[in-house]
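1. sequence-free structure coming up:
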């Protein structure tokens, strides 16, 4: 039986996470300079970590526990991003409407990762 998805880049959750990461990069460029070491760096790191953890999970599909653990890491980063988005809105660095859109995307990412983990056996690549 052939996989219907051949790489993590084909996963919709990865594509959404990658798009959100690009959006975070764009909006963070407008954060004040005093936030470069804190909010900007944390936001960029967390948003990119969501993508990287999904990629790592895909690479660990031979082992259910490792796969699920990396998906859990990606969920933690998505939840962290929701916090940074809320901080940016509260501080007036991010338009509330755009911020709520990003917050909702990270909620969607979190839920999609939960479904992947719940159905991990479907995604596990058997040892050959």
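-> Yep, that arrived. As the structure is a prediction and not an experimental result, all values here were calculated from the model.
2. could you pull out the helices for the chain?
-> Ranges of helices in the chain, per DSSP state H, are 12-28, 41-59, 64-90, 96-118, 120-123.
3. For residue 4, see how far away the residue nearest to the spatial centre of the chain is.
-> What sits nearest the mean C-alpha location of the chain, by CA atoms, centre = their mean, is residue 50, with 2.9 Å. For residue 50, the distance to residue 4 equals 23 Å [CB to CB, to the nearest Å]. For glycine as for every other residue, the C-beta is placed from the backbone atoms N, C-alpha and C.
4. Check residue 110 too.
-> Relative to residue 4, and taking CB to CB, residue 110 is found at 23 Å.
5. Look at these two and report which has more neighbours.
-> Using other CB atoms under 10 Å as the criterion, residue 110 and residue 4 rank with residue 110 on top: 19 against 6.
6. does the more buried one really touch residue 72, like I thought?
-> No - using CB atoms under 8 Å, residue 110 is not in contact with residue 72, being 10.7 Å away.
7. starting at the chain centroid, how far to the helix or strand of the chain with the lowest mean pLDDT?
-> Ranked by mean pLDDT, DSSP states H and E, the helix or strand of the chain with the weakest confidence is helix 120-123, at a mean of 92. In terms of CA atoms, centre = their mean, to the nearest Å, the gap separating the centre of helix 120-123 from the centre of its chain is 19 Å.
8. Name the residues of it that come out as buried.
-> Judged by neighbour count (16 or more other CB atoms under 10 Å), helix 120-123 contains these buried residues: residue 123.
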